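1. give me coordinates for this.
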Amino acid sequence: MASRITDFFARKNANSTTSNTAIPVLPDVNDREMPNPDSSMKKRVLKLATVKRWINEDLAKDNGSIWMHYEANKQEHVENLYCKICQKYKEQICTMKDFSYAWINGLKNLKLSNAKDHANSKCHIRAFRLHANEVRACTGESLQLPEKLIPGLKQPTVIEGFVQMSDIMKEQIKKKFELAYFVAKKELPFTMYEDLVTLEKHHGVDIGNAYVNRIEYADFIDYHGEYLSKTLTNDLKEAKFYSVLTDGTTDCSVTEKELVYVLYFNPKQTGENIGVKLAFLCLKDVKKADAPGIKSVIESSFASLGITNNELYSKLVGFGADGASVNSGDKNGVKALLQEKSPWLIFQWCVAHRLELALKDALQPTFFKQVDQMLTRLHSFYSKSPKKLHELKSLHELLKNTFDFVEGSLKPKRASGTRWISFKLAPLRLVLDKFGIYLMHLENLAEQEGNAEIVGYLRRWKTSQMLLHIAFFIDVLTPAAELSKIYQEEDIDIVSATSALNRTKHKLELYSNLRLQDLPATKYLLSKVDKQGGTHTYQGIEFSSIQFERELELLKAKKNIITEAVCACISTRLDDSGSPTLQDIAVVLNIESWMARASLPQEDESDDGNDSNKDNSSHKFNEGSFDVEIIRLFEHFQPVLVV
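-> Numbering: from 1, shown residues only. Below you'll find the model as predicted:
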């Protein structure tokens, strides 16, 4: 009888009968004597006394008593070793090369050599320097640092070598530093550095053969980063006040990030320009994108430069972000949390973003929605079909000498983007300029293919109402686009922003006093319309004269309503009615207001011989001065000015 493989593993009784074939019987695992794992390999045991000896003797010169922390059991056997300094500044050193979580989460390989290696690592040295700066900032005391932690006593090898180099080699290194900075600034891959070095050699540049690979490139970038960090730290230490700007994003790994910038006044004069600088501070992960999480990111960003919370909040005067409730909330927003420690802080919502929202509010109930749909459909129609775009270009070649075109491009532009006004205005101008070509091509496609979708487009777009509204909305958006462009300039300030806003509102008010046919884009359109018999023709597209004139009269009736709505929404969103402090700042700093107030009649303060009246007159506010605004500003910022 054939045996099954499972029979070899079956337990047998002593009294059981067996066949002629001998079947081996495995002994019961419980009957066997199990080997003791400790008999062959004993677990390493680190006694608490040994660790204390390491701290007090072997690691004394490395300040082991400050950073080394341990966990011991009841038998006084150490189970884990930690670095308290690296744990504290994990966020600041986690992006450095050779960073490891071993000393942060708990080291299991308990050896003195590992402790010494960690004490000499760049990550630990960086963290310890941050700790020393914080201790000095908080208590005024200076830690006794090892030589390797004191800048200038023991620098990296590249710096040591640079000092000992000849002048020719120094020039070569400078060129490589510049190449490395260029690659990093343009956000190019590391390998581009090697290619640029090869290209420079090909051009005959004396650049040498040392430090030409991506590893040395990474060292150059580290030195650039350290220099920029030290420069920013020194500037912020010297600055009297600064503001913080933040914005959130999500990277490709669906991790929430917070971008932090700092705006500060540099007391050191830089040429003829005022020393106001905007500097990148950090891009950090956010555990939770709520108000406490964003506040924590701001604090840790300054802490990475050795700036304590006390110093941060004593100098923080402004906070800029978008208008989301998590930022602008009066009770639980980031603004409210920052104002708890800096009551004088002013929150500023991005003015360019507020302008976009103001226009959306004003144009939402108008015909602009239909115009916007046309812009979107046209772009989608031609951007996804090379064949249709080629046909459109061929039609343009035939008609370019027949019609007067102003815009150089032909392909419909995308009508959506972050800069809402410019993304709407450019497609509007292009569609008005190529209106006839677009509709002629669509008519030809409708006849050839019988596409119901294209027929529907033509039914809605080939109307005098659509054509007139395209020109009118160009007129309405042009002043707002000019204002948006000013708001997006790098050197924008409260005075220039206020002046630009007043000019835009004044221009929209002038539009209300002008006739519709006198507005620039509408005037251009009407001048190109050919009136013959009962038809109005624009770029070969015919409209009923009766329908065209009726739509023109209807638009005339709506012109002032729309322009006034736009002006009102802009005023509501941008006049800063809820921030009188900003209004006072704009008035005091505006030179034009100085001249205007100087021309006002002065109070008669003639001496009537009464000393009491003379003393009281000195406290009266002069109508031509800025006493009221200055006193309000002084009262608002008095706590921080005293500090």
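2. any idea how many residues pack against Ser385?
-> Ser385 sits with 12 neighbouring residues when counted by other CB atoms under 10 Å. C-beta: built from backbone N, CA, C; applies to glycine.
3. try Tyr511
-> By the criterion of other CB under 10 Å, Tyr511 has 23 neighbours.
4. same for the strand or helix carrying it, what does it pack against?
-> Using DSSP states H and E, Tyr511 sits in helix 494-513. With contacts taken as 3 or more CB pairs under 8 Å, 6 or more residues apart in numbering; DSSP states H and E, helix 494-513 sits against helix 464-487, helix 545-574, helix 580-589.
5. and the helix or strand just after it, what's buried?
-> Scanning forward in sequence from helix 494-513, with DSSP H and E defining helices and strands, the next element found is helix 520-528. When neighbours are counted by 16 or more other CB atoms under 10 Å, the buried residues of helix 520-528 are found to be 521-522, 524-526.
6. how about the nearest residue to Gly533, chain neighbours excluded?
-> Closest residue to Gly533 in three dimensions, ignoring its sequence neighbours and counting by CB to CB, 6 or more residues apart in numbering: Ser545, at 7.6 Å.
7. hang on, the earlier thing: in a markdown table: the helices and strands packed on helix 494-513, plus mean pLDDT.
-> Supplementary listing: the helices and strands packed on helix 494-513 in a markdown table, determined by pLDDT from 0 to 100:
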| stretch | mean pLDDT |
| --- | --- |
| helix 464-487 | 92 |
| helix 545-574 | 91 |
| helix 580-589 | 80 |
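8. pick the most buried one from the ones you listed.
-> Ranked by average neighbour count under the criterion mean count of other CB atoms under 10 Å, the helices and strands packed on helix 494-513 are headed by helix 464-487 at a mean of 21.
9. just want the angle from that one to helix 545-574.
-> Between the axis of helix 464-487 and that of helix 545-574 there is an angle of 30 degrees, by axes from the mean of the first three to the mean of the last three CA atoms, to 10 degrees.
10. helix 464-487 packs against which elements?
-> In terms of contacts (3+ CB pairs under 8 Å, 6+ apart), helix 464-487 is packed against helix 351-363, helix 368-383, helix 420-433, helix 494-513, helix 520-528, strand 541-544, helix 545-574.
11. quick one: the strands in the chain?
-> If DSSP state E is used as the criterion, the strands of the chain fall at 46-47, 68-72, 77-83, 242-250, 256-265, 276-285, 316-321, 346-349, 530-532, 535-538, 541-544.
12. circling back: the residue nearest to Gly533 and Val529, how far apart?
-> Using CB to CB, to the nearest Å, we find Ser545 at a distance of 10 Å from Val529.
13. same deal with Glu449?
-> For Glu449 relative to Val529 (CB to CB), the value is 30 Å.
14. looking at those two, which is more packed in?
-> When neighbours are counted by other CB under 10 Å, Val529 comes out ahead of the other of Glu449 and Val529, with 17 against 11.
15. returning to that earlier point: what's the closest of the helices and strands packed on helix 464-487 to Val476?
-> When the helices and strands packed on helix 464-487 are ranked by proximity to Val476, the top entry is helix 545-574, at 6.0 Å, counting by CB to CB.
16. how big is the angle separating that closest one from helix 520-528?
-> Orientation note: helix 545-574 sits at an angle of 170 degrees relative to helix 520-528 (the same axes, to 10 degrees).
17. got the contact list for the residue lying closest to Ala565 once chain neighbours are set aside?
-> Nearest residue to Ala565, sequence neighbours excluded (CB to CB, 6+ apart): Ala362, at 4.5 Å. Neighbouring residues of Ala362 by CB atoms under 8 Å, 6 or more residues apart in numbering: 562, 565-566, 568-570.
18. and if we set it to 7 Å?
-> Taking CB atoms under 7 Å, 6 or more residues apart in numbering, we find Ala362 in contact with 565-566, 569.
19. closest to Cys86 out of those?
-> The shortest gap between Cys86 and any of these belongs to Cys569, at 52.7 Å (CB to CB).
20. so who does the nearest residue to Val431 once chain neighbours are set aside touch?
-> Once its chain neighbours are removed from consideration, Val431 has its nearest residue in Ile470; the separation is 6.0 Å (CB to CB, 6+ apart). Contacts of Ile470 were listed using CB under 7 Å, 6+ apart, and they are 371, 428, 431-432.
21. try it again with 10 Å
-> Taking CB atoms under 10 Å, 6 or more residues apart in numbering as the criterion, Ile470 is in contact with 367-368, 371, 374-375, 427-429, 431-432, 435, 461, 521-522, 525.
22. what does Glu178 give?
-> Contact criterion CB under 10 Å, 6+ apart gives Phe220 as the residues in contact with Glu178.
23. okay, the residue nearest to Asp361 when sequence neighbours are not counted and Tyr313: tell me how far apart.
-> Computed as CB to CB, 6+ apart, the closest residue to Asp361 that is not its neighbour in sequence is Cys569, at 4.7 Å. Applying CB to CB, the value for Cys569 to Tyr313 is 36 Å.
24. how is the chain carved up into domains?
-> Described in terms of the TED database, the domain architecture of the chain consists of the residue ranges 46-147, 163-225, 242-349, 356-575, 580-599+627-642.
25. let's have the ones you listed in TSV, adding distance to Asn234.
-> Below are the domains of the chain laid out as TSV (distance: least, CB to CB, whole Å):
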stretch	distance to Asn234
domain 46-147	12
domain 163-225	15
domain 242-349	10
domain 356-575	23
domain 580-599+627-642	21
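26. closest one to Thr233 among those domains?
-> Across those (criterion: CB to CB), the nearest stretch is domain 242-349, sitting at 4.4 Å.
27. now do the closest one, average pLDDT.
-> Averaged across domain 242-349, the pLDDT comes to 87.
28. Arg53 reaches Lys47, doesn't it?
-> Yes: the pair Arg53 / Lys47 is scored as a contact, 9.3 Å apart, by CB atoms under 10 Å.
29. if we can go back for a sec, can you list the contacts of Ala362 in JSON lines and add distance to Glu238?
-> Formatted as JSON lines, the entries for the contacts of Ala362 read as follows, by distance: CB to CB, whole Å:
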{"residue": "Ala565", "distance to Glu238": "48"}
{"residue": "Val566", "distance to Glu238": "45"}
{"residue": "Cys569", "distance to Glu238": "42"}
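30. for those, which one is nearest Asp475?
-> When the contacts of Ala362 are ranked by distance to Asp475 (CB to CB), Val566 comes first, at 10.8 Å.
31. wait, that closest one touches Leu483, no?
-> No: in this structure, Val566 is not within contact of Leu483 by CB under 10 Å, at 11.3 Å.
32. need the overlap of contacts for the two.
-> Common neighbours of Val566 and Leu483 (CB under 10 Å, 6+ apart) are 504-505.
33. related to what we said a few turns ago, for the residue nearest to Gly533, list the residues it contacts.
-> Going by CB under 10 Å, 6+ apart, the list of residues near Ser545 reads 464, 529, 531-537.
34. just the helices in the stretch 51-200 of the chain please.
-> Counting by DSSP state H, counting those that start in this stretch, one finds helices in the stretch 51-200 of the chain at the ranges 64-67, 84-88, 90-93, 102-105, 112-119, 122-139, 157-164, 167-185, 191-202.
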